[in-house]
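In: Everything below, folded, please.
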Amino acid sequence: MMPLFALMLMLTQTAECLCWLNQTDPCYAALGHKLNLVMVLDASKYDMKIRKRIHNNNTNDPVCRVKYGRMKDCDLYSNRPEVTVINGTLIINRVIRADSGNYTLTLNHRSDGTETSTDLQVNVEAPVGSVEVSISCSSSGAMRASCSSEGDQLLYSWTLNGDPLMDGNSSIDLHEGTDGNITCSVKNHVSHGQTTISLKPCSVLHVSLIALGCVALILILLFIPVYHTYKKKQVKSTAAAANADVIYAYISHKKKGEKKKTESLPTADVEYVEVKPQKKRKERKEKKDEEVQYGEVMFTLNRSNTHLQPQHECIYSQVHTCNIALSLGN
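Out: Residues are numbered from 1 along each chain as shown. Below you'll find the predicted structure:
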């Protein structure tokens with residue numbers, strides 16, 4: 001049998017958890033790590049029984065019986081090959097959260113048949129993960145250090161250049177101009193971790209923020225005139241397109257020299273013509289260029305019976321354009 005002090009030394013060197021089933025304090029086990037539960041030092045003298053309390057009626061709780069240092073009829077750790085008993089010590093190579101609970105160990109002495117029992121509370125906690133520290137600055141120049149990590153039941157502590165600061169919080173406020181090395185330590189019942197970073201005055205950070213603000217302002221000022229120029233070009237393009245609209249003229253006509261007659265005449269047809277703007281042309285006699293618009297007009301006159309007098313043909317031209325010469329065929 002391995003001496004007790006040798007066993008404890010081995011567990012300490014391998015960072016394994018060691019608990020006694022007859023200890024008064026709770027046993028804390030690291031999730032996913034190894035747990036050693038010492039039942040007795042000499043297993044050859046006892047028949048042992050381990051029961052985990054789950055229900056109020058102990059008769060329904062899972063039980064694991066151990067004889068001669070080996071597990072027999074064990075429904076507590078069924079289908080878990082990582083659990084075994086060696087020399088009176090229950091070994092769980094990979095702890096799961098379901099291992100938390102209250103355990104009762106019952107010992108039957110083979111020599112006289114006496115029976116004794118002890119209880120142990122086992123708590124499983126996730127170990128501390130990686131520790132990260134961040135620094136934020138306020139507008140007044142004060143700093144705040146924040147610490148974060150993963151794990152269960154975490155406790156925080158701070159030191160600045162080796163001197164302890166306020167404990168118990170994941171963040172801490174620092175005075176303006178504080179510099180040096182700040183350390184955040186995180187621990188729980190099964191593990192611990194820490195991280196150290198170098199502090200920089202917030203003024204340096206303020207200069208960087210001001211520089212970034214100036215760059216943003218310059219970009220905005222450059223963007224405004226470019227945007228206005230672009231909008232003006234769009235307006236000019238729209239106006240040029242509007243000038244190319246189709247022009248309709250309302251035209252009617254009559255022959256010269258004819259007088260008005262009292263008889264009512266049939267209503268003359270109304271014609272709408274499409275006048276398309278054309279480019280200026282130079283006249284042969286080097287006259288000043290004028291804007292000329294040409295239109296082709298086709299119309300049909302109402303004609304009455306042969307016994308009626310011929311109708312008057314009237315032409316009225318009303319074209320709402322400036323400097324337009326209208327050329328009519330016919």
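In: per the record, what domains does the protein have?
Out: 4-125, 132-200, 202-235, 245-330 (automatic domain parsing).
In: Confidence-wise, which of the ones you listed is weakest overall?
Out: Lowest mean pLDDT within those: domain 245-330, a mean of 47.
In: Please, where are all the strands along the stretch 1-150 of the chain?
Out: 17-20, 27-30, 35-38, 46-53, 63-67, 70-72, 83-86, 89-92, 101-109, 115-125, 132-137, 143-148 (DSSP state E, counting those that start in this stretch).
In: looking at those strands, which is closest to residue 236?
Out: Judged by Cβ to Cβ, the one of the strands of the stretch 1-150 of the chain that comes nearest to residue 236 is strand 132-137, at 50.2 Å. Every residue, glycine included, has its C-beta placed from N, CA and C.
In: re earlier: turn the strands of the stretch 1-150 of the chain into a markdown table, including distance to residue 181 and mean neighbour count.
Out: Shown next, in a markdown table, are those (distance: least, Cβ to Cβ, whole Å; neighbours: other Cβ atoms under 10 Å):
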| stretch | distance to residue 181 | mean neighbour count |
| --- | --- | --- |
| strand 17-20 | 32 | 18 |
| strand 27-30 | 29 | 22 |
| strand 35-38 | 36 | 22 |
| strand 46-53 | 47 | 20 |
| strand 63-67 | 51 | 19 |
| strand 70-72 | 52 | 14 |
| strand 83-86 | 45 | 17 |
| strand 89-92 | 40 | 20 |
| strand 101-109 | 43 | 17 |
| strand 115-125 | 29 | 16 |
| strand 132-137 | 11 | 15 |
| strand 143-148 | 11 | 18 |
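In: Out of those strands, flag the one nearest residue 186.
Out: strand 143-148 (6.7 Å).
In: so what does that closest one touch, helix or strand wise?
Out: On a contact count with 3 or more Cβ pairs under 8 Å, 6 or more residues apart in numbering; DSSP states H and E, strand 143-148 meets strand 132-137, strand 155-160, strand 171-174, strand 180-187.
In: Give me the distance between residue 146 and residue 178.
Out: 15 Å (Cβ to Cβ, to the nearest Å).
In: Residue 226 - that's part of a helix, no?
Out: Yes - Residue 226 forms part of a helix when assessed by DSSP: H, G, I helix; E, B strand; the rest coil.
In: That one and residue 23, how far apart?
Out: Distance from residue 226 to residue 23, by Cβ to Cβ: 78 Å.
In: Tell me which of those two has more neighbours.
Out: Of the pair residue 226 and residue 23, residue 23 is the one with more neighbours under other Cβ atoms under 10 Å, namely 14 against 9.
In: just the helices in this protein please.
Out: 4-13, 202-243 (DSSP state H).
In: ok, for residue 94, nearest residue in space, not its chain neighbours?
Out: residue 82 (5.0 Å; Cβ to Cβ, 6 or more residues apart in numbering).
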